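In: quick one, fold the following:
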Amino acid sequence: MLSVSNSTLGGNSGIEGGGIYSDRGTVSVSNSTLVDNWGRDYGGGIYSNGGALSVSNSTLVGNSSRNNGGGIYSNDGTLSVTNSTL
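Out: Okay, here's the model as predicted:
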């Protein structure tokens with residue numbers, strides 16, 4: 001399990017998931033900011049494949065990807081977003 005709280009992740013890049021990459025894991029993001037991250041293929045801010053992703057009280061802004069999911073890319077898993085700005 002990955003838990004990110006009260007944090008800022010900015011200016012990062014990757015093939016998938018510039019800010020956070022998760023493959024079949026459980027991720028919780030709370031009270032955090034993901035800004036200006038780049039995912040070359042998918043998920044500029046967050047890439048989640050086949051797991052559980054929860055985002056609460058957070059801001060994802062200025063994230064981008066070449067294909068899908070500038071802010072969040074979630075595939076074949078569960079996604080919950082509450083009280084957040086994308």
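In: which residues does Leu2 contact?
Out: 20, 22, 25-28 (Cβ atoms under 8 Å, 6 or more residues apart in numbering). Glycine gets a C-beta too; all of them are placed from N, C-alpha and C.
In: excluding covalently adjacent residues, which one is nearest to Leu79?
Out: In this structure, Leu79 finds its nearest non-sequential neighbour in Leu53, 5.1 Å apart by Cβ to Cβ, 6 or more residues apart in numbering.
In: how much space between that neighbour and Met1?
Out: Per Cβ to Cβ, to the nearest Å, Leu53 is found 11 Å from Met1.
In: overlap of the contact sets of the two?
Out: Residues touching both Leu53 and Met1 comprise 26-27, with contact defined as Cβ under 8 Å, 6+ apart.
In: tell me which of those two has more neighbours.
Out: Neighbours were counted for Leu53 and for Met1 using other Cβ atoms under 10 Å; Leu53 has more, 24 against 9.
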